[in-house]
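Novice: starting from these lines, generate the structure:
(one chain, ligands or ions: 1)
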Amino acid sequence: MSRTKTWVDQPSAPAYAPPPGAIDAHVHVFGPEADFPFSPKAKYHPEDATPEMLFALRDQLGFARNVIVQASCHGTDNAATLNAIAKSGGAARGVAVVSPDIDDAELQKLHDGGIRGVRFNFLKRLVDDAPKDKFLNIARRIAPLGWHVVVYFEADILEELEPFLAAIPTTIVVDHLGRPDIAQGPGGADITRFVQLLDDHPNIWTKVSGAERLSPQGAPFDDFVAVIRPVVERFPDRVLWGTDWPHPNMEHRIPDDGTLVDVIPRIAPTAELQRKLLVDNPMRLYWPEQLG
Ligand SMILES: O=C(O)/C=C(\CC(=O)C(=O)O)C(=O)O
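Specialist: Got it, this is the predicted structure:
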């Protein structure tokens, strides 16, 4: 598999300045492969996207912290994610992908290394299997640590997944709004069903990220803004945002991170909504001990 590069080296400077303490709550690191080899089961083989590159981007875009989400190309070996968190000097925490047979000592080690959640990935193009019964067991074990669950799925399986989501005994964060079909517009079936899910389950949050993945129109993402802004306004205390750098699998439509940051004030139009989205909400999940 040839290695793919999915990010721009020099993103444009965003016009929007995030508030002090802003958290980019969905990023990944890849490798470096020489130190942290990819999983033999990986479905893509990216170029190295190192912690140093991530922190340079963070500073350039005006963010203070990152949440580093274990990407499927690293399987259940979280060493690259832990390495990046350790190098951040307290400015990053993370979400792990764990094996169902992980023991308590290993979970505690992940906690000590800055992990505050586990991710369950249901995308068939990214993982070979997604065993709900085993995921539920993991969820029951991590809940007492104060961790949450991050779930990544596409809109067509939402209905089938709902009983599983309902059984998870902790906060759930859905990546990229469960990937609704944005072309359906603000009243579309996918986003309507997703909003109903959040109405029905107060423990379900979402990342209002992924404009570059979900928008058929592309930058400046007017179609994404029209569908997603009402979600931010309806659930101001249950939304997170992230660049998704280094944009895995986006080699055919590589986004400019500066342009993505400029989507924020359009989906969160007031200073209060922006502060909740970028500071207050991620702080509650990732750095709760630092809240007054
Ligand atoms: O990271 C994302 O947001 C999306 C991904 C990759 C991914 O999740 C993974 O590799 O674990 C995708 O849709 O290909």
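Novice: just the residues contacting stretch 123-143, thanks.
Specialist: With contacts defined as C-beta atoms under 8 Å, 6 or more residues apart in numbering, stretch 123-143 is touched by 41, 43, 72, 98, 100, 102, 104, 107, 117-118, 120-122, 149, 152-154, 164, 167-170. In this view, the C-beta of every residue, glycine as well, is placed from N, C-alpha and C.
Novice: do the same with stretch 110-120
Specialist: Stretch 110-120 is contacted by residues 69-70, 78, 81-82, 85-86, 92-98, 130, 135, 138-139, 142, 145-152, 173, 175, 285-286 when judged by C-beta under 8 Å, 6+ apart.
Novice: let's see that with 7 Å instead.
Specialist: Where contact means C-beta atoms under 7 Å, 6 or more residues apart in numbering, the residues beyond stretch 110-120 that reach it are 69-70, 78, 82, 85-86, 92-98, 130, 135, 138, 142, 145, 147-152, 285-286.
Novice: what residues of it count as buried?
Specialist: 110, 113-120 (16 or more other C-beta atoms under 10 Å).
Novice: what about R93, how many neighbours?
Specialist: Using other C-beta atoms under 10 Å, R93 has 23 other residues around it.
Novice: confirm it sits in a helix?
Specialist: No - with DSSP: H, G, I helix; E, B strand; the rest coil as the criterion, R93 is strand rather than part of a helix.
Novice: report the longest strand in this structure, please.
Specialist: Under DSSP state E, the strand in the chain containing the largest number of residues is strand 115-121.
Novice: how about the CA coordinates for it, as CSV?
Specialist: What follows is strand 115-121 as a C-alpha-only set of coordinates in CSV (Å, rounded to 0.1, in the frame of the first residue of the first chain):
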residue,chain,number,x,y,z
ILE,A,115,-7.0,8.8,28.0
ARG,A,116,-10.6,9.8,28.9
GLY,A,117,-12.7,7.8,26.5
VAL,A,118,-12.9,4.8,24.2
ARG,A,119,-13.9,4.8,20.5
PHE,A,120,-16.2,2.3,18.9
ASN,A,121,-15.9,2.4,15.1
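Novice: picking up where we left off before, and the contacts of stretch 123-143 near the ligand, which?
Specialist: When those are checked against the ligand using C-beta under 6 Å from any ligand atom, the ones in range are 72, 121, 152.
Novice: where does the closest residue to I264 other than its chain neighbours sit: helix, strand or coil?
Specialist: Leaving aside its chain neighbours, I264 sits nearest to Y16 (5.7 Å; criterion: C-beta to C-beta, 6 or more residues apart in numbering). Three-state assignment for Y16 (three-state DSSP): coil.
Novice: next SSE downstream of the helix or strand where A139 lies?
Specialist: In this structure, A139 sits in helix 132-142 according to DSSP states H and E. Where DSSP H and E defines the elements, the next helix or strand beyond helix 132-142 is strand 148-152.
Novice: with only the CA atoms kept, save the following helix or strand past that following strand in PDB.
Specialist: Going down the chain from strand 148-152, the next helix or strand is helix 158-166, by DSSP H and E. Provided in PDB are the C-alpha atoms of helix 158-166 (Å, rounded to 0.1, in the frame of the first residue of the first chain):
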ATOM      1  CA  LEU A 158     -28.600   4.700  13.300                       C
ATOM      2  CA  GLU A 159     -31.900   3.000  13.800                       C
ATOM      3  CA  GLU A 160     -30.300  -0.400  14.200                       C
ATOM      4  CA  LEU A 161     -27.700   1.000  16.700                       C
ATOM      5  CA  GLU A 162     -30.200   2.800  19.000                       C
ATOM      6  CA  PRO A 163     -30.800  -0.100  21.400                       C
ATOM      7  CA  PHE A 164     -27.000  -0.500  21.700                       C
ATOM      8  CA  LEU A 165     -26.500   3.300  22.300                       C
ATOM      9  CA  ALA A 166     -29.400   3.300  24.900                       C
END
